[in-house]
Every structure is written in C-alpha cells, then in structure tokens.
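> Got a sequence here, can you model it:
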Amino acid sequence: MIPETISPRAVIILPVRGEDPFLARCIESLLDQNYPDYVLRIVIDSESDPSLPVIEKAVAMYSTDKVQVEYLHDIRETCGAKNSSLL
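Numbering: from 1, shown residues only. All right, here's what the predicted structure looks like:
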C-alpha cells in the first residue's frame, strides 16, 4: 500500500461509449488498485448506452463510494465526445 502522506487525491476519468468486451475487467482493475485516495468517474455517452448494464454490474460487485457514474450531456463543438467527457 502506498502511504497516504505521499498520495495526493486522484481522479480517474473513464469515458465510455458502446459495448467493450474488456469494460468490466477495466472497471474491476481500477477498483482493485491499492492507491489510497482516488475517485473513479465514469462518463457514459447516454442513458441508453449498451455499456450501462455492464457498468452497473461491475460497480455493484464493490461496496465503495469511490465510483461516480454520470452521463455526457454537453458535447462541445470544439472537440469530440471523448474529450467532452474528459472536460
């Protein structure tokens, strides 16, 4: 485990669109890490995105407040959806 004194708070942003056969494993790996102070923000393209059930199932396996799931509502004209999710 990394000592908290040298571990600043981190935010992991995971933009998601569509089905990905490795999505569940990706989320599980991020939540299994030993970094002490982080939040995983999953940004999904829409409420009807096919990735939602996979995300819900993977997150339900962990009893944690380290995950925030939100939907992309504002796709900027100056960049694509992925960069809009990051912003």
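
> Give me the distance between Tyr35 and Lys66.
10 Å (CB to CB, to the nearest Å). (Each C-beta comes from the backbone N, C-alpha and C, glycine too.)

> and what of Asp37?
For Asp37, the distance to Lys66 (CB to CB) stands at 9 Å.

> Output the below-cut-off pLDDT ranges for this protein.
Along the chain, segments meeting pLDDT under 70 span 1-5, 73-87.

> what about the strands in it?
For the chain, the strands defined by DSSP state E cover 10-16, 38-44, 67-71.

> I'd like those strands as JSON lines, with distance to Cys26 and mean neighbour count appended.
Compiled in JSON lines, the strands of the chain are given as follows (distance: least, CB to CB, whole Å; neighbours: other CB atoms under 10 Å):
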{"stretch": "strand 10-16", "distance to Cys26": "7", "mean neighbour count": "15"}
{"stretch": "strand 38-44", "distance to Cys26": "10", "mean neighbour count": "19"}
{"stretch": "strand 67-71", "distance to Cys26": "13", "mean neighbour count": "14"}
